[in-house]
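Asker: okay, here's the prediction I keep looking at, along with the sequence it came from:
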Amino acid sequence: MKKFFTFLSVFFITGIFALSTNAKTLNLAMDADPVSLDPHSQLSGGMLQYSHLVFDPLVRWTQDMDFEPRLAKRWERLNDTTMRFYLREGVKFHSGNEFTAEDVVWTLDRLKRSPDFKGLFEPFEGAKVVDKYTVDVITKKPYPLLLNMATYIFPMDKDFYSGVDENGKPKDAVVKVGESFANSHESGTGKYKVTYREQGVKMILESTGYYWDKNSPGNVDKIVLTPIKKDATRVAALLSGDVDFIMPVPPQDYARLERTKGVKLVTMAGSRIITFQMNQERKEELKNRKVRQAIVHAINNPGIAKILMKGKATPAGQQSPEGFLGHVPELKPRYDLQKAKELMKEAGYEDGFELSMIAPNNRYVNDEKIAEAIVSMLGKINIKVNLTTMPKAQYWSEFDKQVADMQMIGWHPDTEDSANYFEFLLMCPSKETGYGQYNSGNYCNPKLDKLILASQSETDIEKRAKLLKEAARIVYNDAAYVPLHWQHLSWAGKDNLEIEPIVNVMNFPYFSDLVIK
Amino acid sequence: MFAFVVRRIVQALIVVFVISIISFAIKNNVGDPIRQITGVSVSEKERDELREKLGLNDPVYIQYFRFMKKAVQGDFGISYFYKKPAVDVIIAKAPATIELVLVSSFIIVFLSVPLGIYSAIYPKKLFSRFLMGGSIVGVSIPVFLTAIVLIYIFSIQLGWLPSYGRGELVNINGWQTGFLTVSGWKHLILPSVSLSSIMLPLFIRLIRSEMMEVLESEYIKYAWAKGLDKYRVWFVHAFKNTLLPVITVGGVQLGITIAFTILTETVFQWQGLGFLFMEAVERSDTSLLIAYLMFVGIVMVVVNTLVDIIYGLVNPTIRVTGSGK
């Protein structure tokens, strides 16, 4: 009987494959194309999306934030600082070389040399070959996020990238500005290889035909990626049928796409939190905890999420979204105008004061409108806000200079972990340690720093969750910053595309698994 | 004559010099290129190292001299985004803009001349009045709105024409042309119509008013009195004399057309120089930005200088007034 079922399922699977073998092309439009073919040249969403097409990570995130084996078949923790990965056998790079443990060691070394990735891989000592298909990844201290980081290890072809190119330059150099071998050549293990690339215009990716993942339902053999920067043009391209899939989708077009026959919109709660920081060093009044609490209470962030964001955002009371270790369910948005007024009175600022605010106007969804809404909300507790908005190209240097009392920043943790928010946004800013790099509020609480530092080497999940939860409560009570909402992610495509199964919170759609009906 | 030419060339060099200074002066105000090429979580130390390596920490005047020294040898630096020499990037994108401007110039010429003449000859007719009214509307609608409306009607609603890009291209010695394929032509229609929408009404009105003025002049009256054929009077005697001011204005409008290509190309994702410029601003790709400004500046200066010199040859009075003394 069992045999019969096995036979039946094999029959069905092969049947599905036979049906899906006719070549499918996906015309894909994104707001930008990959800046390089070298996955280590820049740490950005675009480059990671590219890496998932042309390379494979050791492990990857599933939709429900679990780890899924990719080039690593399985793994086990040997001790506090070592994780052993058992690699998939018989995987070939695009160059024809075979994938082995050597490539993992080499890739990790290169990551530690890349200016963009070296910070993330700082806790790593390196990797050691055990045998051809087994590798030990070693961290300097016990490190709870080892697997999270393994999602960033996309093994590169060691032999392919070794030696020198025709200009006598080493092929493995990580070059951020200028030409290099790795910037224009690739050899990964991914389903697709790059067959044509004109930067900023078009990239064509074609299936190698020998991809190792035979269980993947994906039937797209060719992807034509066109960057379309302008939101309206990108949407028009989908509506007119010139492209099959677009990302991101501008929120003003959500309703329209939902209405239109033949296309569908897919959204998903994301982990990018939008916040305002309140600079306590620039502005005396903001040193007062009551004033900060009043500001948080005065801002109607559920309203912003509902009206401005058209429901495609989740109002936040803390940084970590649901599902993250360290998320505290009872920390809810605190909009309460009456209480805000009382707090201002208690603080002795009943008559209010004036403060300056900056926000970008093309970085986050509706960033400028959100800032404008907040200006009028703060007006209700007599805080007069002078708002300046600017394009993102100019914004970040102004942000670093801390030119205003309140500054907007959105944050998505590269590690998909709660501690990352604190490390960059709320720990005491310090040039030496590098923590608090984007803490323009200058909130500094040694107790919080201690909790987060402890969480970095706490491998016991229960204990770690406790530390992170306490940290979240501290900054909530201190009103260390203004939490607004988590931005939703959005994709849209023709309705013969099965988009839902391939998208995830990281915004790396796994196109190799995409099914076109 | 020789002194005139030398003087014009010296003037041109000064203009190029001023452009180079201006483009360098704005360089630090369009944002930090290092920010654009590094991830957000990259530490300040790493960024500083990169800045040092690219020479961005040096005083502006040292950067300027280094840039000029290389620029006179034709090296305008490396684009931060494209990771290629900026000049190569600009040259690769130029054909797209040239083809777009060429096609829309044809549209302008072939429509504005007959329409302008018609409305000058029959100013009272309904069609002329319609043209005049329509041209006011045409001038007042911003080009990006025209473009979006065209996309909405012809791409989304009717589905006749593509909404973005250049379509299939044929590569002839590095010149990527869309003139040789059907898809290339289809992609050209909407952008070139939008681009011409701004200049076309202007030229119709210009030709009309010039032509009406000429039709009032003594020699036309004489031609009528002589009993010449009406088509000969209109097209040979009157129209010929309308052209001179039209061509002069047309030359001046070239600069404005380049500015409008920025808008048109951005809406249609037309991969030309205007689009490149917009992208470079958004990405703080300062080296590419400076190279673009220098390139466009030099092209404009060279064209204007040549025109001036030719004018000087043809019309000696210009030389006299040009001396300014």
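Answerer: Nice, I can see it. Numbers count the residues shown, from 1 in each chain, chains lettered A, B, ... in the order given.
Asker: using the three-state scheme, assign A:L78.
Answerer: Classification of A:L78 by DSSP: H, G, I helix; E, B strand; the rest coil places it in strand.
Asker: chain neighbours aside, what residue packs nearest to it?
Answerer: A:R84 (5.4 Å; Cβ to Cβ, 6 or more residues apart in numbering or on different chains). The way it works is simple: take the backbone N, C-alpha and C, and place the C-beta from them, glycine included.
Asker: quick check: residues of the stretch 201-325 of chain B near chain A?
Answerer: Counting by Cβ under 8 Å from any Cβ of the partner chain, the stretch 201-325 of chain B comes close to chain A at B:266-269, B:271, B:276, B:279, B:281-284.
Asker: could you identify the most distant pair in these?
Answerer: B:F268 and B:S284 (23.7 Å; Cβ to Cβ).
Asker: now the strands for the stretch 101-250 of chain B?
Answerer: Secondary structure of the stretch 101-250 of chain B (DSSP state E, counting those that start in this stretch): strands at B:170-172, B:175-177.
Asker: one more: the stretch 251-400 of chain A?
Answerer: Along the stretch 251-400 of chain A, counting by DSSP E, counting those that start in this stretch, strands occupy A:263-278, A:313-315, A:353-360, A:383-390.
Asker: so can I have CSV of those strands showing distance to chain B?
Answerer: Listed next are the strands of the stretch 251-400 of chain A as CSV, based on distance: least, Cβ to the nearest Cβ, whole Å:
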stretch, distance to chain B
strand A:263-278, 11
strand A:313-315, 20
strand A:353-360, 11
strand A:383-390, 9
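Asker: using a markdown table, lay out those strands together with mean pLDDT and mean neighbour count.
Answerer: Shown next, in a markdown table, are the strands of the stretch 251-400 of chain A (pLDDT from 0 to 100; neighbours: other Cβ atoms under 10 Å in any protein chain shown):
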| stretch | mean pLDDT | mean neighbour count |
| --- | --- | --- |
| strand A:263-278 | 92 | 21 |
| strand A:313-315 | 93 | 22 |
| strand A:353-360 | 94 | 20 |
| strand A:383-390 | 94 | 17 |
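Asker: out of those, which comes closest to B:W234?
Answerer: So among the strands of the stretch 251-400 of chain A, strand A:263-278 is nearest, using Cβ to Cβ, at 53.9 Å.
Asker: now intersect the residues of the stretch 201-325 of chain B next to chain A with the helices, please.
Answerer: Using DSSP state H, the members of these that fall in helices are B:266-267, B:276, B:279, B:281-282.
Asker: coming back round to it: any idea how far the residue nearest to A:L78 is from A:E98?
Answerer: Remark: distance between A:R84 and A:E98 (Cβ to Cβ, to the nearest Å) = 20 Å.
Asker: try B:N173
Answerer: As defined by Cβ to Cβ, B:N173 lies at a distance of 41 Å from A:E98.
Asker: for B:I78, same thing?
Answerer: 36 Å.
Asker: more neighbours: those two, which one.
Answerer: The residue with more neighbours, out of B:I78 and A:E98, is B:I78; 21 against 16, by other Cβ atoms under 10 Å in any protein chain shown.
Asker: so the spatially closest residue to that one that is not a sequence neighbour is in which element?
Answerer: What sits nearest to B:I78 in space, not counting adjacent residues and going by Cβ to Cβ, 6+ apart, is A:G178, at 5.2 Å. For A:G178, there is no enclosing helix or strand under DSSP states H and E.
Asker: is it true that A:G178 touches B:K83?
Answerer: Yes - between A:G178 and B:K83 there is a contact under Cβ atoms under 8 Å: 5.6 Å.
Asker: which stretches of the stretch 201-325 of chain B form helices?
Answerer: For the stretch 201-325 of chain B, helices defined by DSSP state H, counting those that start in this stretch occupy the ranges B:218-226, B:230-231, B:239-267, B:273-282, B:286-314, B:316-323.
Asker: deepest of those, which one?
Answerer: helix B:273-282 (a mean of 23; mean count of other Cβ atoms under 10 Å in any protein chain shown).
Asker: packing partners of that helix?
Answerer: With contacts defined as 3 or more Cβ pairs under 8 Å, 6 or more residues apart in numbering or on different chains; DSSP states H and E, helix B:273-282 has these neighbours: helix B:86-121, helix B:239-267, helix B:286-314.
Asker: do you know which of the strands of the stretch 251-400 of chain A lies nearest A:P413?
Answerer: Smallest distance to A:P413 across the strands of the stretch 251-400 of chain A (Cβ to Cβ): 6.8 Å, for strand A:263-278.
Asker: need the CA coordinates for the closest one. CSV is fine.
Answerer: What follows is strand A:263-278, C-alpha atoms only, in CSV (Å, rounded to 0.1, in the frame of the first residue of the first chain):
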residue,chain,number,x,y,z
VAL,A,263,-3.7,41.8,-11.7
LYS,A,264,-3.4,41.2,-7.9
LEU,A,265,-1.8,43.0,-5.0
VAL,A,266,0.0,41.1,-2.3
THR,A,267,0.9,42.8,1.0
MET,A,268,2.5,41.6,4.1
ALA,A,269,3.4,43.1,7.5
GLY,A,270,7.1,44.0,7.5
SER,A,271,9.7,44.5,10.2
ARG,A,272,10.7,48.0,9.1
ILE,A,273,9.8,50.4,12.0
ILE,A,274,9.3,54.1,11.3
THR,A,275,10.2,56.3,14.2
PHE,A,276,11.0,59.8,15.3
GLN,A,277,13.9,60.5,17.5
MET,A,278,13.8,63.3,20.1
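Asker: so where's the chain uncertain?
Answerer: I went with chain A, as the question did not name one. A:1-22 (pLDDT under 70).
Asker: I was thinking of chain B, sorry if that wasn't clear
Answerer: Applying pLDDT under 70 to chain B flags residues B:251, B:255, B:311-325.
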